[in-house]
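Trainee: 3D, please:
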Amino acid sequence: MGKKKRDSPFVGSWRIVSMSAWEDDYLDEEVQAFIEFEPSGMGHFQFGLVSGNIDSLDTQRDGTPAVEWSWEGMAEMDECSGRGWATLEGDELRGMIFIHGGDHSDFVAKRAKSSHRAKRK
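Mentor: As a prediction, this is how the structure comes out:
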């Protein structure tokens, strides 16, 4: 069953610029830290040695447009999964990402000029 395309303020690539649980130099360990939402509701992210494929849904948090997602991926060569959410605050995406049974972190991201899918450090 395919997902319908959506018109969403979250669609596109976002450069993760800070996270509360990890140092800035860890964020760009392998690639520039990013999160990307596709019009289909799917997407992907990577920061440090954590990466995953996401399945997102636009929603609201306290009356503000928001996006929530579940994800499956890898953390330091181990399979893992989790969830996350974010809202737009001005030109920044602010939210939290959770690793199931593990860490969680606030994050701040800014809209990227292009896709991060193939960008290596």
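Trainee: how about the strands in the chain?
Mentor: Along the chain, counting by DSSP state E, strands occupy 12-19, 34-37, 42-47, 50-61, 64-75, 78-89, 92-99, 104-111.
Trainee: who does the fifth one pair up with?
Mentor: Paired strands of strand 64-75, with direction, are strand 50-61 (antiparallel), strand 78-89 (antiparallel) (DSSP bridges).
Trainee: Quick one: the ones you listed as TSV, columns for distance to Q32 too.
Mentor: Using the backbone N, CA and C atoms, a C-beta is placed for each residue, glycine as well. TSV is the format used below for the strands paired with strand 64-75 (distance: least, Cβ to Cβ, whole Å):
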stretch	distance to Q32
strand 50-61	12
strand 78-89	18
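Trainee: any chance of those in TSV, with distance to D103 and mean pLDDT too?
Mentor: Formatted as TSV, the strands paired with strand 64-75 follow (distance: least, Cβ to Cβ, whole Å; pLDDT from 0 to 100):
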stretch	distance to D103	mean pLDDT
strand 50-61	9	95
strand 78-89	9	96
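Trainee: Mind listing the residues bridging to the nearest residue to M42 once chain neighbours are set aside?
Mentor: Excluding the flanking residues, the one nearest M42 by Cβ to Cβ, 6 or more residues apart in numbering is D55, at 6.1 Å. On the basis of DSSP bridges, D55 is bridged to M42, S70.
Trainee: pretty sure D55 contacts H44?
Mentor: No. The pair D55 / H44 is not scored as a contact, 10.5 Å apart, by Cβ atoms under 8 Å.
Trainee: Alright, that wraps it up for me.
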